[in-house]
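Undergrad: quick one, fold the following:
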Amino acid sequence: MQNNNVMSTSLEENMSYLAERLKPDTNFDVVYRVIEVGGRQACIYFIDGFCKDEMMQKLLQYFIDMKPEDMPKDAHEMAKRGTPYVEIDLKDKWDDLFYNILSGVFALFIDGYDRCVLIDSRTYPARGVEEPEKDKTLRGSKDGFVETVVFNTALIRRRIRSTELRMEMMNAGKSSRTDIVLCYMDNRVDHEFLNKIKKRISEIKVDALTMNQESLAECLYQRNWFNPFPKFKYTERPDTAAAQVLEGDIIILVDNSPSAMIVPTSIFDILEEADDYYFPPITGTYLRLSRFLIGIMTYLITPTFLLLMQNPEWIPESFKFIMVKETSNIPLIAQFLLLELAIDGLKLAAINTPNMLSTPLSVMAALVLGEFSVNSGWFNSEVMLYMAFVAIANYTQSSYELGYALKFMRILNLILTAIFGIYGYVAAVLILIFSIVFNKTLSNKSYVYPILPLNLRQMAKRFLRLRLPESKN
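TA: Residues are numbered from 1 along each chain as shown. Predicted coordinates:
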C-alpha cells in the first residue's frame, strides 16, 4: 500500500500515486515515459518547457544504453557514479518530490530504489537582463534583474566574489511554494535580525504569494498600516543590491519578481540612488542634497501657497507677483485636490496606453489640462504651475512608495490648512515629522538613524557623498 509521505520501492505503486496526484493524462505539460535502465524498469517525469531538450536527449540515451552489469545497486550509487550530470539530488518524501517536479526538475524513478534521482537540468523562459526602465543611471551598469531568481543571484555573485556571501533558499505559500532567496554577507549581517526574518518567512500561512514581493512584505510587516512611509526599499539594479549587501543589509529575492527587497531600510536608504556613487564626490553630494531639497519642496510648495493666499498680508511686497491674478471660480483647495487626482489619472492612463497612442495622449493631456482648463475658468494658472512642478519633481527620486507617502501628507496638509489656517498647516507639518521620527525599520530600529540616535560620522555619510573607504585587510 502506498505511503502518502514517503515513496515506495515499487515503481508500479509510485507511478500509480503520481498519476493520481499529477494527472498527466489531463495536464498536457506533465510528461512521463517508461524506460528500462540497466535491466530495471524505470520512469522519468518532467514538466514540458522547463527542461533543456538537448540535455534530456543525452541523458535519456545514456540511461537506455546502460547495461545490467553497470547498474548501481542503490540510489546513492546511482547519483554518485551512475548519472553523468553535475546537479544531482536524492529525495524520498512526496512533498519534496512534487515541489521539485513542478519546479522543472527531471525526476527518475527506478524499480527497487527507495529514493528518486532528481536531475536539475531545468531552464526557465526569461527575458534579457537589460537596464530597468525605472532605475536608470547615466554612468552605471546597464543590466537589471529579471523574473528568474537564479539569474538574479548570478548577477549579485558576479559583483561579490567573497566566500562570506550567502544565498539561502526558502519558500512560502501552500499552493504556490514560491522560491525566496535571502542574500547577505555572513560576517557583516545582523544575525539576530536575519534569524527573525527567517522565522517570519517560515511561519507565513498563506495559500500563495499572489502579488510576489508585496504579498511577502505584508506578511513580514504586520504592524499598523496607516503610516505611509515605506519599510522596504526596492531596486531592479544588481549594483545597488550588491552595494547594500556589502553594507550589511539583507537582500530578499522573490521568484517571478524583477526587483530586490532591501531590509532593514531607513528614510536615508530610500533617498539614496546609484547615480550618487557613479559621479565624483562633489557631484554626488550635489545630486543627493538636491534630491533632499526637492523632496521637501514637493511637500511644502502647494500648502504654503494656499496658506499665503488665505493671508495675503504675510506676503512681502517684492513677492506680490505670486498672488492669484484671475478671479477663482472654484476654491483653491478644490483646485489642488482635483489636480492631485487628475495627475494620478494621467499616470494610470500612461501605464495602460499602447506605445503607438502615447504621443496623442500626451498632446491631449497638455491641451485639456493646460490651456483649456485655465481658459475655461476651472483652474488658475498659478495653481497649474505649482502642481506641474510637484508632478515633475516627484520623479527626482525612484521610490514610488516614498512619493505617495509625501503625496498623502501633502493632501492632509492642504485640507488642514484650508480648514484651520496656520494652525492646520503647523499641525500637518508636525504630523509629517512625527510619522517619520516615530517610524521604525523592520529591525525595530530608528527610521531616521543617524539623526536619532545622533551619530555625526554616519550623518555626514548620509548627507554628503564621501570617498569610498580603503579596506582594512
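Undergrad: Trp404 - nearest residue in space that isn't next to it in sequence?
TA: Careful, residue 404 is Tyr and not Trp. Pro228 (6.6 Å; Cβ to Cβ, 6 or more residues apart in numbering). Glycine gets a C-beta too; all of them are placed from N, C-alpha and C.
Undergrad: distance of that neighbour from Gly144?
TA: Noted for Pro228: a distance of 27 Å to Gly144, by Cβ to Cβ, to the nearest Å.
Undergrad: for the two, indicate the residue with more neighbours.
TA: Gly144 (24 against 15; other Cβ atoms under 10 Å).
Undergrad: hmm, who's touching stretch 221-229?
TA: 231-232, 267, 401-402, 404-405, 408-409, 435-436, 439, 442, 447 (Cβ atoms under 8 Å, 6 or more residues apart in numbering).
Undergrad: looking at those residues, which one is closest to Asp25?
TA: Phe232 (43.8 Å; Cβ to Cβ).
Undergrad: please confirm that Tyr425 is located within a strand.
TA: No - Tyr425 is assigned helix when assessed by DSSP: H, G, I helix; E, B strand; the rest coil, not a strand.
Undergrad: burial count for it?
TA: The burial count for Tyr425: 21, using other Cβ under 10 Å.
Undergrad: leaving out sequence neighbours, find the closest residue to it.
TA: Counting by Cβ to Cβ, 6+ apart, the residue nearest Tyr425 is Thr417, at 4.5 Å.
Undergrad: give me the secondary structure label for the one you found.
TA: helix.
Undergrad: what about it, neighbour count?
TA: There are 26 residues near Thr417, going by other Cβ under 10 Å.
Undergrad: how close does it get to Thr235?
TA: Thr417 is 35 Å from Thr235, by Cβ to Cβ.
Undergrad: likewise for Glu317?
TA: Taken as Cβ to Cβ, the span from Glu317 to Thr235 is 48 Å.
Undergrad: more crowded one of those two?
TA: Thr235 (24 against 5).
Undergrad: got a pLDDT number for that one?
TA: Looking at Thr235, its pLDDT is 94.
Undergrad: in contact with it, which residues?
TA: Contacts of Thr235 (Cβ under 8 Å, 6+ apart): Asp135, Ala241, Gln244, Ser259, Ala260, Ile262.
Undergrad: between these, which is nearest Leu332?
TA: Checking those one by one against Leu332 (Cβ to Cβ), the nearest turns out to be Asp135, at 36.2 Å.
Undergrad: does that closest one really touch Pro238, like I thought?
TA: No - here Asp135 lies out of contact with Pro238, judged by Cβ atoms under 8 Å, at a distance of 10.3 Å.
Undergrad: touching both of those two, which residues are there?
TA: By Cβ under 8 Å, 6+ apart, the residues touching both Asp135 and Pro238 are Gly144.
Undergrad: which sections of the chain are below the confidence cut-off?
TA: 1-4, 356-372, 468-473 (pLDDT under 70).
Undergrad: all strands for it, in order.
TA: Ranges of strands within the chain are 30-37, 40-47, 88-91, 106-110, 116-119, 165-172, 178-185, 233-235, 250-254, 260-263, based on DSSP state E.
Undergrad: and the contacts of Thr235 as CSV, adding distance to Ile201?
TA: Listed next are the contacts of Thr235 as CSV, based on distance: Cβ to Cβ, whole Å:
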residue, distance to Ile201
Asp135, 25
Ala241, 18
Gln244, 19
Ser259, 18
Ala260, 15
Ile262, 16
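Undergrad: name the nearest of the residues you listed relative to Asn352.
TA: Of those, the one sitting nearest to Asn352 (Cβ to Cβ) turns out to be Ser259, at 20.6 Å.
Undergrad: so how far is Arg127 from that closest one?
TA: Relative to Arg127, and taking Cβ to Cβ, Ser259 is found at 14 Å.
Undergrad: who has more neighbours, these two?
TA: Neighbour count, other Cβ under 10 Å: between Ser259 and Arg127, Ser259 has more, with 23 against 11.
Undergrad: contact partners for the more buried one?
TA: Pro132, Phe145, Gln213, Tyr234, Thr235, Glu236.
Undergrad: could you pull out the helices for the stretch 301-450 of the chain?
TA: All helices of the stretch 301-450 of the chain, identified by DSSP state H, counting those that start in this stretch, fall at 332-352, 355-366, 373-375, 381-393, 400-420, 422-437.
Undergrad: closest one to Arg465 among those helices?
TA: The nearest among the helices of the stretch 301-450 of the chain, by Cβ to Cβ, is helix 400-420 at 19.5 Å.
Undergrad: tell me which residues in that closest one are buried?
TA: Going by neighbour count (16 or more other Cβ atoms under 10 Å), the buried part of helix 400-420 is 402-403, 405-407, 409-418.
Undergrad: show me what that helix is packed against.
TA: helix 267-271, helix 281-310, helix 332-352, helix 422-437 (3 or more Cβ pairs under 8 Å, 6 or more residues apart in numbering; DSSP states H and E).
Undergrad: ok, now with 6 Å
TA: helix 281-310, helix 332-352, helix 422-437 (3 or more Cβ pairs under 6 Å, 6 or more residues apart in numbering; DSSP states H and E).
Undergrad: right, and the ones you listed - which one's nearest Arg33?
TA: helix 332-352 (44.7 Å).
Undergrad: what's that closest one in contact with?
TA: If you take Cβ atoms under 6 Å, 6 or more residues apart in numbering as the criterion, helix 332-352 is touched by Thr302, Leu306, Met309, Ala365, Phe379, Val383, Met387, Ala391, Ile411, Leu414, Ala418.
Undergrad: what would the residues you listed look like in a markdown table with distance to Ile101?
TA: Shown next, in a markdown table, are those (distance: Cβ to Cβ, whole Å):
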| residue | distance to Ile101 |
| --- | --- |
| Thr302 | 57 |
| Leu306 | 62 |
| Met309 | 67 |
| Ala365 | 50 |
| Phe379 | 60 |
| Val383 | 61 |
| Met387 | 55 |
| Ala391 | 50 |
| Ile411 | 51 |
| Leu414 | 56 |
| Ala418 | 61 |
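Undergrad: Pro72: which of those residues is nearest?
TA: Ala391 (67.8 Å).
Undergrad: give me the number of residues near Gly140?
TA: Gly140: 17 neighbours (other Cβ under 10 Å).
Undergrad: and it, what is it in contact with?
TA: Counting by Cβ under 6 Å, 6+ apart, the residues that Gly140 touches are Asp239, Ala274, Tyr278.
Undergrad: show me what contacts the last one?
TA: Right, the one you point to is Tyr278. Tyr278 neighbours (Cβ under 6 Å, 6+ apart): Thr137, Arg139, Gly140.
Undergrad: 10 Å instead, please
TA: Thr137, Leu138, Arg139, Gly140, Ser141, Asp239, Gly284, Leu287 (Cβ atoms under 10 Å, 6 or more residues apart in numbering).
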